[in-house]
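Q: show me the folded form of this:
(one chain, ligands or ions: 2)
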Amino acid sequence: MKLQPQTGVEGSAQWLARVATQSMIEEARLSPKPGLVDSRGNGAHHDLTLSLMERSAHSLSPTFHALALQSWKRPADIALRQLVGRLGREGEAQMMEATGGVNTHRGAIWALGLLVSAAAMHGMEGSSEEIAASAAKLAGLPDSTAPKIFSKGLRATRRYQVPGAREEAQQGFPHVMRLALPQLRRSREAGATEQQARLDALMAIMTSLSDTCVLSRAGLEGLETMQNGARSVLAAGGTAQAAGREALAKLDKQMLALNASPGGAADLLAATLLMDRIACDDVRVTPLPQHSHL
Ligand SMILES: CC(C)(COP(=O)(O)OP(=O)(O)OC[C@H]1O[C@@H](n2cnc3c(N)ncnc32)[C@H](O[C@H]2O[C@H](COP(=O)(O)OP(=O)(O)OP(=O)(O)O)[C@@H](O)[C@H]2O)[C@@H]1O)[C@@H](O)C(=O)NCCC(=O)NCCS
Ligand SMILES: Nc1ncnc2[nH]cnc12
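A: Residues are numbered from 1 along each chain as shown. Ligands and ions are numbered 1, 2, ... in the order given. The predicted structure follows:
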């Protein structure tokens, strides 16, 4: 079924929910991704599978729908921040129920949730820059209703003194806006297939992200391996070139040997696919492909 962009609050909320869900599913299926779950297998994970990732993505559609409805044409203020925080935590609970307690998409709920909210705040008429800026503003507001949880991400950001998921959002998603989206479009223009362009976009994110999943599992050695390996893929001309594909296969082996998986980078690729569809600056909204199963 072809999904056309909708107008009005309910149509837009449904469209955003479906596009966010589809972006997460397409990220999960994209192959070959180093260390991550993809359509070949489970990567460095023992508790994740592709079908679990897909079930998790589907379970989050109602969350994205509610985020869009509740954020429609509202300003970024404390009341909206608290509401979005509550909906995000309810989404995490939905995900945990759907996956039997496995954390599949916590970072994706955060990133795509904020971007869905921000697109709705602009009534589906914001440019990608405006949407990213509003998401950043929302992420920067305090949520006094949030429970104090000491996460793996917080531990890694403090131990290694690096930015994590919070800072990525508060800075307006620089890895999506300045690295992945431009790379996605450059690779497409250079004649890469859509799969290759998306893999290149993932590599662009991995060249510089301080992914707290990689740091938690494999420390600085893992992070340096990820960043250097991704740079080698792009320096070889990307995955449209045989040398780029060889560099990617080498990186995949290295990440598996280190038990490292760039879950944060994968979430930001899903956010990139979402932004590519909701706010192309010259083509307002890009329809989903005909073969969509959603
Ligand atoms: C702000 C929050 C995202 C919480 O952040 P925090 O860093 O405190 O918490 P974490 O639980 O560690 O979650 C952060 C997740 O974000 C992804 N991520 C990592 N690095 C980055 C980065 N530099 N930039 C952007 N995103 C990043 C990553 O998510 C993916 O990994 C998850 C699996 O990770 P993990 O549990 O560590 O799993 P494994 O390593 O596999 O564990 P083992 O098997 O080894 O045990 C997976 O979910 C991916 O999505 C990080 O995990 C935010 O959650 C928050 O505050 N929420 C509150 C609600 C709210 O306000 N919502 C508003 C918007 S809806
Ligand atoms: N494809 C993937 N594999 C592992 N963790 C992820 N988190 C988000 N997407 C992921």
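
Q: let me see the contact set for the closest residue to ligand 1 within the chain.
A: Nearest residue of the chain to ligand 1, counting by CB to the nearest ligand atom: residue 153, 2.0 Å away. (Each C-beta comes from the backbone N, C-alpha and C, glycine too.) Shown in contact with residue 153 (CB atoms under 8 Å, 6 or more residues apart in numbering): 107, 164, 165, 166, 212, 216.

Q: as CSV, those residues with secondary structure and distance to residue 40 would be great.
A: Shown next, in CSV, are the contacts of residue 153 (DSSP: H, G, I helix; E, B strand; the rest coil; distance: CB to CB, whole Å):
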residue, secondary structure, distance to residue 40
107, helix, 22
164, coil, 28
165, helix, 26
166, helix, 32
212, helix, 25
216, helix, 24
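
Q: residue 277: neighbour count?
A: Other residues within reach of residue 277, judged by other CB atoms under 10 Å, total 21.

Q: swap in residue 28?
A: Residue 28: 28 surrounding residues under other CB under 10 Å.

Q: so which strand or helix has it?
A: helix 9-29 (DSSP states H and E).

Q: pull out the buried positions in that helix.
A: By neighbour count, with 16 or more other CB atoms under 10 Å as the criterion, the buried positions of helix 9-29 are 9, 12-28.

Q: give me the subset of the contacts of residue 153 that also touch ligand 1.
A: Among these, the residues lying close to ligand 1 (CB under 6 Å from any ligand atom) are 107, 164, 165, 166, 212, 216.

Q: filter the residues you listed to the buried ones?
A: Buried, going by 16+ other CB under 10 Å: 107, 164, 165, 212, 216, out of these.

Q: now, which of these sits nearest ligand 2?
A: Nearest to ligand 2 among these, with distances taken as CB to the nearest ligand atom, is residue 107, at 6.7 Å.

Q: wait, the closest one touches residue 263, no?
A: Yes. Using CB atoms under 8 Å, residue 107 is in contact with residue 263, at 6.4 Å.

Q: all helices of the protein, in order?
A: For the chain, applying DSSP state H gives helices covering 9-29, 50-59, 61-71, 78-99, 106-121, 128-140, 152-160, 165-170, 174, 181-189, 194-206, 212-235, 242-257, 263-278.

Q: which one of these lies nearest to ligand 2?
A: Closest among those, using CB to the nearest ligand atom: helix 263-278, at 3.4 Å.

Q: on that earlier part again, any chance of the contacts of residue 153 in TSV, plus pLDDT and distance to ligand 2?
A: Formatted as TSV, these follow (pLDDT from 0 to 100; distance: CB to the nearest ligand atom, whole Å):
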residue	pLDDT	distance to ligand 2
107	98	7
164	98	14
165	98	12
166	97	17
212	98	12
216	98	12
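
Q: now for the residues you listed: which two are most distant?
A: Longest distance between any two of the contacts of residue 153 is 15.3 Å, between 166 and 216; criterion CB to CB.

Q: any chance you could list what contacts stretch 254-269?
A: Defining contact as CB under 8 Å, 6+ apart, one finds that stretch 254-269 is touched by 27-28, 30, 33-36, 43-45, 105, 107-108, 110-112, 164-165, 168, 173, 175-176, 180, 198, 201-202, 205-206, 209, 211-214, 217-218, 221-222, 225-226, 229.

Q: and the residues you listed, which of them are buried?
A: Here, 16+ other CB under 10 Å leaves 27-28, 30, 33-36, 43-45, 105, 107-108, 110-112, 164-165, 168, 173, 175-176, 180, 198, 201-202, 205-206, 209, 211-214, 217-218, 222, 225-226, 229 buried among the contacts of stretch 254-269.

Q: doesn't residue 237 make contact with residue 191?
A: No. Assessed by CB under 8 Å, residue 191 is found out of contact with residue 237, at 11.3 Å.

Q: these two: which has the busier surroundings?
A: A direct count of neighbours by other CB under 10 Å for residue 191 and residue 237 places residue 237 higher, at 17 against 9.

Q: from residue 179, how far off is the more buried one?
A: Distance of residue 237 to residue 179, given as CB to CB, to the nearest Å: 17 Å.

Q: and the protein, which of its residues are near ligand 2?
A: By CB under 6 Å from any ligand atom, the residues of the chain that approach ligand 2 are 27-28, 36-37, 43, 45, 48, 53, 105, 108, 261, 263, 266-267.
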